[in-house]
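Enquirer: Requesting a structural model of the entry that follows:
(one chain, ligands or ions: 2)
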Amino acid sequence: MSIRNADRKHSKKRDAILEVLRSTTTHPGAQWVYDQLKSDIPDLSLATVYRNINLFRQEGLVISVGVVEGEERFDGRVEPHPHFVCGCCGRVIDYDATELPAQFSKVMENLKGTADTKGGFFAIDYRKTVFNGFCAVCVKGNTTA
Ligand SMILES: [Zn+2]
Ligand SMILES: [Zn+2]
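Expert: Residues are numbered from 1 along each chain as shown. Ligands and ions are numbered 1, 2, ... in the order given. Next up is the predicted model:
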């Protein structure tokens, strides 16, 4: 195979991985991305998926949502937005409530009071906030069990 063909094949994988990340709102991990693509791209490896996702992060094309249930999760939606993480099923959900800043100013006031002894205060960037709890499906499942 010529170098040019290898390059084309490489960028095809790269494009496919980015496309999967951008086409879902589930905030998947690398394994999930790999599972979506392996039938279309038989010579794709999980290591290649990891390597490309790391490159996307460095290039600002993908963000990390953090580690959920031992697996790092990623988001193809890069503008800052809060997330809700279910501690039961591991779902990561975009949380776009417009009233959030007002609610958070109250929390920030409380934090200011807490930090008074040090003479400073915390500044909270709500857009990067992760809320932890239980999603509606899991709450329902627990109450009917
Ligand atoms: Zn859940
Ligand atoms: Zn998100």
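
Enquirer: For the rest of this, base every contact and every neighbour count on C-alpha atoms.
Expert: Fine.

Enquirer: separation between residue 6 and ligand 1?
Expert: As judged by C-alpha to the ion, to the nearest Å, residue 6 and ligand 1 stand 42 Å apart.

Enquirer: mean confidence for the strand or helix carrying that residue?
Expert: Secondary-structure assignment from DSSP states H and E places residue 6 in helix 3-22. The average pLDDT within helix 3-22 is 87.

Enquirer: buried residues in that helix?
Expert: The neighbour-count check on helix 3-22 (16 or more other C-alpha atoms under 10 Å) flags 13-14, 16-18, 20-22 as buried.

Enquirer: helix or strand right after it?
Expert: Past helix 3-22, the next helix or strand by DSSP H and E is helix 30-37.

Enquirer: interface residues of this protein facing ligand 1?
Expert: 86, 88-89, 135, 138 (C-alpha under 5 Å from the ion).

Enquirer: swap the cut-off to 8 Å and go again
Expert: Proximity of the chain to ligand 1, by C-alpha under 8 Å from the ion, involves residues 86-91, 134-139.

Enquirer: Many thanks, have a good one.
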